[in-house]
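Visitor: What follows is a predicted structure for the sequence shown.
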Amino acid sequence: MDTATHTTVDDIPTTEFDYDSSPCTDTKGQKFASHFLPTLYTLVLIFGMLGNALVVLILIRYKKLKSMTDIYLLNLAISDLLFVVSLPFWAYSAANEWIFEDAMCKILSGIYLIGFYSGSFFIILLTIDRYLAIVHAVFALKARTVVYGIVTSVVTWCVAILASIPGLIFNKLQREDNRYRCTLNFPHETHANWNQFLTLKINLIGLVFPMMVMIFCYAQIIVTLMRRRNDKKNKAVRLIFIIMIIYFLFWAPYNIVLLLQTFQTSFRLDNCYDYSNLGIALQVTEILAMAHCCINPVIYAFAGEKFRKYTCIFFQKHIAFPLSKHCRFLYTEPLERASSTYSHSTGEQDLSAVL
């Protein structure tokens, strides 16, 4: 990499790319990063940590991990916790510089990337799990077991680790613009190829593949639900659309800007004005994408009536919030009824896999 001409916005740690060589200096992007990123990182850290830690606690203490869905929810929460645990280090780096040595640069980059990739994979697995439970209810009785959930989770973590290896290898401590940064440093002769490859990989794993699985699986689920007589099917359909829309709105802007940033020349965005604007846009959209880990507990765990009731029990028993008495408004039916996952009298899978 030509460090003499290479400049960056205050580096965003989550991306597996580096900016193309450019004579432009992006002081506007650097000021934005140093002023706003630490605060935004901190907010994502707080809400992401609280929500996902609560999910882990409820799943282990109350739900006892008795189904494949519980296994996937637990792993998704762990992925999101990994995703946010390194944010304090990146927040400090954005405001000042990287002071945590090269080894920490690699370790924290690896942890973050593993959390990113595994999170996308477990969202895909949760979608397929719901598809099997609703569309192939009879087959799901044999396939949706805790053992299969554990096996697929182990395989998923291995794949996520493999996907993170390039970022782990190429992230290094470097001095840029008189400050030390933890950034990607590709070999000069293959810089463009690695840059484009990793950007396309992020787009495929983080947006394209999950959206394709969601569209196919949830479309089949909706068709199946509309054929049934169930008072909760309209609520389930609304939740399905909310899940897909939220995922697209949180991740699509970042992936689009990332493509534009990597292929600036192809899109004729290689002048200094566009370079600066893309740098700021990348920071803003990446924060938005990070914030999805704060939403995951709500749309995947707390949307379920049984999970909400366990949460209320926890708060009433251990936290004793004055507002806990209002928890009865959070659910609409008894826990015993909500716990049913298959109706033998009708031969119909209920909607607990979705709600």
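Guide: In hand now; what should we look at?
Visitor: which residues of the stretch 1-150 of the chain score low on pLDDT?
Guide: Applying pLDDT under 70 to the stretch 1-150 of the chain flags the ranges 1-27.
Visitor: 50 - rerun?
Guide: Applying pLDDT under 50 to the stretch 1-150 of the chain flags residues 1-22.
Visitor: And the helix or strand containing residue 35, how far out from the chain middle?
Guide: Per DSSP states H and E, residue 35 falls inside helix 27-58. Centroid separation between helix 27-58 and its chain, computed with CA atoms, centre = their mean, to the nearest Å, is 13 Å.
Visitor: could you point out which element follows that helix?
Guide: Counting by DSSP H and E, the next helix or strand C-terminal to helix 27-58 is helix 68-85.
Visitor: what's the angle between that next one and helix 27-58?
Guide: 140 degrees (axes from the mean of the first three to the mean of the last three CA atoms, to 10 degrees).
Visitor: which residues touch the next helix or strand after helix 68-85?
Guide: Following helix 68-85 in sequence order, the next helix or strand is helix 87-95 (DSSP H and E). Residues outside helix 87-95 that contact it (CB atoms under 8 Å, 6 or more residues apart in numbering) are 10-11, 13, 33-34, 37-38, 41-42, 44-45, 99-100, 104, 108, 181-182, 290. Heads up, the C-betas are built off the backbone N, CA and C, glycines and all.
Visitor: And stretch 239-248, by the same measure?
Guide: 123, 207, 210-211, 214-215, 218, 221-222, 292, 295, 299-300, 303, 354-355.
Visitor: residue ranges for the strands of the stretch 151-300 of the chain, please.
Guide: Assigned strands in the stretch 151-300 of the chain, in chain order: 171-176, 179-184 (criterion: DSSP state E, counting those that start in this stretch).
Visitor: which one of those strands has the most crowded surroundings?
Guide: strand 179-184 (a mean of 21; mean count of other CB atoms under 10 Å).
Visitor: That one - what's its average pLDDT?
Guide: Averaged across strand 179-184, pLDDT comes to 85.
Visitor: so what secondary structure elements neighbour that strand?
Guide: helix 101-135, strand 171-176 (3 or more CB pairs under 8 Å, 6 or more residues apart in numbering; DSSP states H and E).
Visitor: next one: stretch 93-113 to chain centre, how far?
Guide: Per CA atoms, centre = their mean, the centroid offset for stretch 93-113 relative to its chain is 20 Å.
Visitor: And that stretch, what's buried?
Guide: By neighbour count with 16 or more other CB atoms under 10 Å, stretch 93-113 contains the buried residues 93-95, 97-98, 105-113.
Visitor: My read is that residue 84 contacts residue 45, right?
Guide: Yes - the criterion here is CB atoms under 8 Å, and residue 84 meets it with residue 45 at 5.1 Å.
Visitor: about what we covered before: report the angle between the helix holding residue 35 and helix 87-95.
Guide: 170 degrees.
Visitor: between helix 27-58 and strand 179-184, how big is the angle?
Guide: Counting by the same axes, to 10 degrees, helix 27-58 lies at 60 degrees to strand 179-184.
Visitor: Show me which residues of helix 27-58 are buried.
Guide: 29-30, 32-33, 36-38, 40-41, 44-45, 47-49, 51-52, 54-56, 58.
Visitor: How much space separates the residue lying closest to residue 199 once chain neighbours are set aside from residue 87?
Guide: Leaving aside its chain neighbours, residue 199 sits nearest to residue 262 (4.2 Å; criterion: CB to CB, 6 or more residues apart in numbering). Distance, residue 262 to residue 87, by CB to CB, to the nearest Å: 24 Å.
Visitor: Kindly report the same for residue 208.
Guide: Note on residue 208: its distance to residue 87, by CB to CB, is 26 Å.
Visitor: Which one's more surrounded, these two?
Guide: Neighbours of residue 208 and residue 87, each counted by other CB atoms under 10 Å, are more numerous for residue 87; the result is 25 against 14.
Visitor: Give me the distance between that one and residue 37.
Guide: Taking CB to CB, one finds residue 87 at 10 Å from residue 37.
Visitor: Straight-line length of stretch 80-94, end to end?
Guide: By CA to CA, to the nearest Å, the extent of stretch 80-94 from end to end equals 21 Å.
Visitor: in that stretch, what counts as buried?
Guide: 80-87, 89-91, 93-94.
Visitor: And stretch 203-221, by the same measure?
Guide: By neighbour count with 16+ other CB under 10 Å, stretch 203-221 contains the buried residues 203, 205-207, 210-211, 213-214, 217-218, 221.
Visitor: Please flag which of those residues sit within helices.
Guide: Counted as lying in helices by DSSP state H, out of these, are 203, 210-211, 213-214, 217-218, 221.
Visitor: For these, give me CSV that also has distance to residue 255 and pLDDT.
Guide: Formatted as CSV, those follow (distance: CB to CB, whole Å; pLDDT from 0 to 100):
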residue, distance to residue 255, pLDDT
203, 5, 94
210, 11, 95
211, 10, 95
213, 16, 96
214, 15, 95
217, 20, 95
218, 20, 94
221, 25, 92
